[in-house]
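>>> Quick one: sequence and predicted model below, then my questions.
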Amino acid sequence: MKFSLTRAGSVAAVATVTALVAAGCAGADSEPDLESAEELTEMTTISVAALPIAPTAALLLGIEEGIFEKYNLEVDLSTGQGGAAILPAVAQGQVNFAIGQPLPIILAASKGIDVQIVGNYAASYAEGDDINGVAALDESIQSPADLEGKRVAVNTLKAAGDLTIMEAIEQDGGDPSNVEWIEVPFPEMQAQLVAGELDAAWLPEPFLSRTIAEGGHLVTYNYQDTIPGLTTLVGFTSGAYASENPAVVKAFQDALAETRELANGDVDAARSMLPDFLGMPEEAAANLAMEDFGPELNVDSLQALQELMVKYEFMEEEIDLDELILE
């Protein structure tokens, strides 16, 4: 396995798509027939990009356990790009595959950008403790509607966080247009809550549990309130690469599916990747809540997601997900 790790950044999905449109990326002429694709018989090197976040541990586990090699894939893995850099790299052919959030992929496809989803990677939980949620210190903020008129932090504007929180507020009888959204990196949110610079914050683990343990409380699991079991990460490539390399894409799909099965069956093994990967203390890694790697791609959740994207004017109209997803 080849591997590189550099510092990541965070930029809104809208800026990513705007840059891609300016670059003039176009989709592939035809969708590849992966069902009839021949088996990959020679070792092939593929470049794969992923974010330096906890769920990437599953991918690392699959590589370390030889799953990709089993399918004749040698992975050149890069985790240095932020989400805004990964999508253009895939669309423009600089990277073969990537793991990323579905919202910017759907948004890009709506603008004619050459991206295609090839499989599920991770999902949130439809019930029970979820992987992220909104927390507050102010006891007057107890439900989504109480966020109206408040300063609410998300790590990236115009993404799944603020989108689903807006819907949760509306469903609870509040007015999401009266929320002041503030973009703050996750590690800085708790300190800003304590300092009174924020009223509430959307936090993933381990930040959510830490904030609650130190005097905060849960306001909402916004994914569960709006799209239970929302797909959070998918594998994707470009239409051009898929058309030219159907055997490689099929092998990647199969390897990714087996990797998810391994990680879901042995979450502790996935967590064991985190200390070296993210410099996380072993005790913190051992107790970290991880995404659900088990389900197949939840197309219904992606459909619900894009319906909210249209409702809150993230994009103008829905796209045909059958054309976006390669199965």
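Yep, that arrived. Note that the structure is predicted; figures quoted are calculated from it, not measured.
>>> what about Glu188, how many neighbours?
15 (other CB atoms under 10 Å). Glycine gets a C-beta too; all of them are placed from N, C-alpha and C.
>>> nope, Val299 is what I was after
Neighbours around Val299, by other CB under 10 Å: 16.
>>> Check the gap between it and Leu107 for me.
To Leu107, Val299 is 17 Å away according to CB to CB, to the nearest Å.
>>> The residue nearest to Pro176 when sequence neighbours are not counted: neighbour count?
In space, and not counting its chain neighbours, Pro176 is closest to Met166: 3.7 Å by CB to CB, 6 or more residues apart in numbering. The number of residues packed near Met166 is 24, by other CB under 10 Å.
>>> May I see the buried residues of the helix or strand Met166 falls within?
Take DSSP states H and E as the rule and Met166 turns out to sit in helix 160-171. Going by neighbour count (16 or more other CB atoms under 10 Å), the buried part of helix 160-171 is Ala160, Gly161, Asp162, Leu163, Thr164, Ile165, Met166, Glu167, Ala168, Ile169, Glu170.
>>> Compile those into a markdown table and extend it with columns for pLDDT and distance to Met43.
A markdown table is the format used below for the buried residues of helix 160-171 (pLDDT from 0 to 100; distance: CB to CB, whole Å):
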| residue | pLDDT | distance to Met43 |
| --- | --- | --- |
| Ala160 | 96 | 36 |
| Gly161 | 97 | 40 |
| Asp162 | 97 | 43 |
| Leu163 | 98 | 41 |
| Thr164 | 98 | 42 |
| Ile165 | 98 | 45 |
| Met166 | 98 | 47 |
| Glu167 | 98 | 46 |
| Ala168 | 98 | 47 |
| Ile169 | 98 | 51 |
| Glu170 | 98 | 52 |
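>>> Quick check: the gap between the spatially most central residue of the chain and Ala269.
Residue closest to the mean C-alpha point of the chain, counted by CA atoms, centre = their mean, is Gln101 at 2.9 Å. Taking CB to CB as the measure, Gln101 falls 24 Å from Ala269.
>>> Ok, Leu87 next?
Separation of Leu87 from Ala269 (CB to CB): 29 Å.
>>> More neighbours: the two, which one.
Leu87 (29 against 15).
>>> So for the helix or strand containing that one, mean pLDDT?
According to DSSP H and E, Leu87 maps onto helix 83-91. Confidence for helix 83-91, expressed as mean pLDDT, is 89.
>>> after it, next one along is what?
Downstream of helix 83-91, the first helix or strand assigned by DSSP H and E is strand 97-100.
>>> which helices and strands does the top helix by length along the chain pack with?
Ranked by number of residues, the top helix in the chain under DSSP state H is helix 246-265. Applying 3 or more CB pairs under 8 Å, 6 or more residues apart in numbering; DSSP states H and E, one finds that helix 246-265 contacts strand 44-49, helix 56-64, helix 67-70, strand 73-78, strand 116-123, strand 231-237, helix 267-271.
>>> What residues of it count as buried?
By 16+ other CB under 10 Å, the buried positions in helix 246-265 come out as 246-260, 262-264.
>>> Asp172: how many residues sit nearby?
That count, for Asp172 with other CB under 10 Å as the rule, works out to 16.
>>> no wait, Asp320
Using other CB under 10 Å, Asp320 is surrounded by 8 other residues.
>>> and it, how far is that from Glu38?
Distance, Asp320 to Glu38, by CB to CB: 28 Å.
>>> just for the chain, where's the confidence low?
Along the chain, segments meeting pLDDT under 70 span 1-37, 81-83.
>>> swap the cut-off to 90 and go again
Where the chain drops to pLDDT under 90, the residues are 1-39, 79-85, 206, 287, 294-295, 327.
>>> so can I have a markdown table of the helices and strands packed on helix 246-265 showing distance to Pro204?
A markdown table is the format used below for the helices and strands packed on helix 246-265 (distance: least, CB to CB, whole Å):
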| stretch | distance to Pro204 |
| --- | --- |
| strand 44-49 | 20 |
| helix 56-64 | 13 |
| helix 67-70 | 26 |
| strand 73-78 | 22 |
| strand 116-123 | 12 |
| strand 231-237 | 10 |
| helix 267-271 | 15 |
